[in-house]
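Colleague: Below is the sequence, then the predicted model.
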Amino acid sequence: MRRAPIIVAHVVATLVFAVFANAAGAQETSGPFGLRQGMTKAEIEKLVKLERIRDSLSYSTDTLPVPHSAFSRYLLKISATHGLCSVIAIGHEKRTDSFGESLHQDFTKLKDALTARYGKPEMHIDGVRRGSIWKNPEDFMMGLLNEERMLDTLWESSKTKPLPASLYSVRLSAAAKSPVVAQIGLGYHFMNVQQCNAEEKAKENRGL
């Protein structure tokens, strides 16, 4: 008869352990698109198919564990030593007018969602370079195409305002493929990105 409290205590302990285990598992994949810093190529390939981009640390895939409908392709930088260090999401090419109105709408939706997740951005630029001839509102797309206009938002980790999931920075940017076709990109860099960049540079320069 006295075993009932012991059994109940055991059940409660098991449930508590399960809750914490689930929370830990969720935390491990709480980074962008269901990925986390340092994941190995083998770990990622259990989830998605990767295609290597030339002789580099970069790989391409058309989906991720938690994809987003705004993006059609993802570029991952994966080091054999440091694991996953960056994720670049490439948006769909979409038509817009010369003012870039629909581009602004799509950009703002993503910017607002990212702000809700990561807080106020460190920097937001929506402006034209001084001296550019593409300075009027109807010249927006031409300015973007000629790289004389920027639509760019940046979040950076700091001691007073660290980003979650071991992120070093998050950057949302817009580009023009033609005067009437635009594309949005979203880049995530983890804290180990500098080590990966150094490794990639050393590999590139090994034949000099």
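Modeller: Nice, thanks for sending it over.

Colleague: check contacts around the most centrally placed residue in the chain.
Modeller: Geometric centre of the chain, nearest residue: Y188, 3.4 Å, by C-alpha atoms, centre = their mean. Applying C-beta atoms under 8 Å, 6 or more residues apart in numbering to Y188 gives the contacts G31, P32, S86, V87, I88, A89, L167, S169, V170. Just so you know, the C-beta spots here come from the backbone N, C-alpha and C atoms, and that holds for glycine as well.

Colleague: which of those has the weakest pLDDT?
Modeller: Lowest in pLDDT among the contacts of Y188 is G31, which has 95.

Colleague: Can you name the residues in contact with the longest strand seen in the chain?
Modeller: The strand spanning the most residues in the chain, taking DSSP state E as the definition, is strand 167-178. Contacts to strand 167-178, defined as C-beta under 8 Å, 6+ apart, come from residues 31-32, 37, 93, 100, 103, 107, 110-111, 114, 118, 141-142, 144-145, 150-157, 163, 182-191, 193.

Colleague: now S102, nearest residue through space, not along the chain?
Modeller: T96 (4.5 Å; C-beta to C-beta, 6 or more residues apart in numbering).

Colleague: Next: S72.
Modeller: Per C-beta to C-beta, 6+ apart, closest to S72 is H92, 5.0 Å.

Colleague: Identify the bridge partners of the nearest residue to P32 once chain neighbours are set aside.
Modeller: The shortest distance from P32 to any non-neighbouring residue, by C-beta to C-beta, 6+ apart, is to Y188 (4.5 Å). Bridge pairing for Y188 (DSSP bridges) gives the partners V87, V170.

Colleague: roughly how far apart are A176 and R130?
Modeller: In this view, A176 and R130 are 20 Å apart by C-beta to C-beta, to the nearest Å.

Colleague: Is there a neighbour count for K46? I'd like the number.
Modeller: By the criterion of other C-beta atoms under 10 Å, K46 has 8 neighbours.

Colleague: for the one 4 residues further on, same thing?
Modeller: Neighbours of L50 under the rule other C-beta under 10 Å: 16.

Colleague: so where does the nearest residue to it once chain neighbours are set aside fall, helix or strand?
Modeller: With C-beta to C-beta, 6+ apart as the criterion, L50 has its nearest non-adjacent residue at 4.2 Å, and that residue is Y59. Using DSSP states H and E, Y59 maps to strand 58-61.

Colleague: taking the mean pLDDT, what do you get for stretch 122-130?
Modeller: Rounded mean pLDDT across stretch 122-130 is 97.

Colleague: hmm, who's touching it?
Modeller: With C-beta under 8 Å, 6+ apart as the test, stretch 122-130 has contacts from 111, 134-135, 139, 143, 148-156.
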